[in-house]
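Visitor: the following block contains a protein sequence and its predicted model.
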Number of protein chains: 6
Amino acid sequence: MPYVNIKITREGASAEQKAELIAGATELLRRVLGKNPQTTVVVIDEVETDNWGIGGETVTVRRARGQ
Amino acid sequence: MPYVNIKITREGASAEQKAELIAGATELLRRVLGKNPQTTVVVIDEVETDNWGIGGETVTVRRARGQ
Amino acid sequence: MPYVNIKITREGASAEQKAELIAGATELLRRVLGKNPQTTVVVIDEVETDNWGIGGETVTVRRARGQ
Amino acid sequence: MPYVNIKITREGASAEQKAELIAGATELLRRVLGKNPQTTVVVIDEVETDNWGIGGETVTVRRARGQ
Amino acid sequence: MPYVNIKITREGASAEQKAELIAGATELLRRVLGKNPQTTVVVIDEVETDNWGIGGETVTVRRARGQ
Amino acid sequence: MPYVNIKITREGASAEQKAELIAGATELLRRVLGKNPQTTVVVIDEVETDNWGIGGETVTVRRARGQ
């Protein structure tokens, strides 16, 4: 019954990669806490780089500097 | 003053249906806890089926199997 | 498969009231969008009044003023 | 190491304004709690006015009435 | 820079198990998307069983029935 | 009408500091986007250091090492 929310910047994650994140997070909860995969929910949010900040600046600005 | 966040898959909910969810959630908080509707906030997130997982797989894959 | 998060101030909601919120939110999603109640998840967060702000001040301060 | 999530309606906030929100929230955590800006994360969600409710109705409806 | 939020019911997860969830989620993001572990944040919320609903009822009620 | 959620580790923030965060976040939204302070909601979550991870380990472990 766990609920997992993964937030990443929107920078081209493929459907296959997102499916891997979902499978992996579900398996992690099963392995560590014995949670039933059938009721584990995973939601991925992809966030524009203009809308994500770290170190007080946007990821857009960091990417432009090559970070 | 409650805050309600409703996450659903993006599968064609209409503006009318979303307005009904907002009215219904606001009324629920008023009825059960006496919360003031004027300051109840409801935010609906519609999530791509590639980004929503249950049972370790994406909703896209489940829908393709007819689930 | 929806996920609903309800945030309220921690001011004595009973187990019965919280069960009513859970039943009501689940039924709302079933009625408006035909969502399967068996996979609808509702999580209630009760937040200390010191940790909830509206109008730029904490609910603790507002309650002390009788609001 | 704080995490800040700012949700606003999608009504034309510019990249500059979003960068200001990110810088301002990061500075706020530094000033009040001495948190390290380098590990402070800020995520802004812009929500369609059809998906945001207050007072039991959508922001779309409120804007149409001039509110 | 990803942010992962894991919500589970509060039913006795140990500090070691929570450390395993944090390590596992961080490694998952590194493996699938090449994300830098140093800036991956994981937050675990443990929710009272009275405050978690599925199938329209609380986990407290389900546990009492042996589910 | 904005909603701001601030997550910090539970390490002794005082009621005064939390009130400052609430006032500051509300003022930030007013200054940058002209948002009405009366309907701006701020919720602070304080998270146990066992439940917060960065760099693949818990803050508890990092604090024990002096970080």
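Guide: Structure's in. What do you need? Keep in mind it's a predicted model, so treat the numbers as computed, not measured.
Visitor: every contact and neighbour count from this point should use C-alpha atoms.
Guide: OK.
Visitor: does the longest helix seen in chain A come close to chain B?
Guide: The longest helix of chain A (DSSP state H) is helix A:15-33. Yes. With CA under 8 Å from any CA of the partner chain as the criterion, chain B is reached by helix A:15-33 at A:15, A:18-19, A:22-27.
Visitor: from the chain's centre, how far out does that helix sit?
Guide: The chain centre lies 11 Å from the centre of helix A:15-33; the measure is CA atoms, centre = their mean, to the nearest Å.
Visitor: now do the same for the closest residue to chain B within chain A: helix, strand or coil?
Guide: Residue nearest to chain B within chain A: A:Q38 (3.9 Å; CA to the nearest CA). Per DSSP: H, G, I helix; E, B strand; the rest coil, the secondary structure class of A:Q38 is helix.
Visitor: that one contacts B:G55, doesn't it?
Guide: Yes. At 3.9 Å, A:Q38 counts as touching B:G55 under the criterion of CA atoms under 8 Å.
Visitor: of the two, who's got more company?
Guide: Set side by side, A:Q38 and B:G55 show more neighbours around B:G55, with 18 against 13, by other CA atoms under 10 Å in any protein chain shown.
Visitor: against D:G55, how distant is the more buried one?
Guide: Separation of B:G55 from D:G55 (CA to CA, to the nearest Å) stands at 36 Å.
Visitor: tally of neighbours for the closest residue to chain C within chain A?
Guide: Chain C sits closest to A:T39 of chain A, with a gap of 7.2 Å, by CA to the nearest CA. Neighbours of A:T39 under the rule other CA under 10 Å: 21.
Visitor: OK, contacts around it?
Guide: A:1-2, B:54-55, C:39 (CA atoms under 8 Å, 6 or more residues apart in numbering or on different chains).
Visitor: could you redo the last one with a cut-off of 10 Å?
Guide: Counting by CA atoms under 10 Å, 6 or more residues apart in numbering or on different chains, A:T39 touches A:1-3, A:26, B:53-56, C:1, C:38-41, E:54.
Visitor: could you pick out the buried ones from the residues you listed?
Guide: Listed as buried from those are A:1-3, A:26, B:53-56, C:1, C:39-41, E:54; burial here means 16 or more other CA atoms under 10 Å in any protein chain shown.
Visitor: now do the longest helix of chain A and helix E:15-33, the angle between them.
Guide: Here the directions of helix A:15-33 and helix E:15-33 differ by 170 degrees (axes from the mean of the first three to the mean of the last three CA atoms, to 10 degrees).
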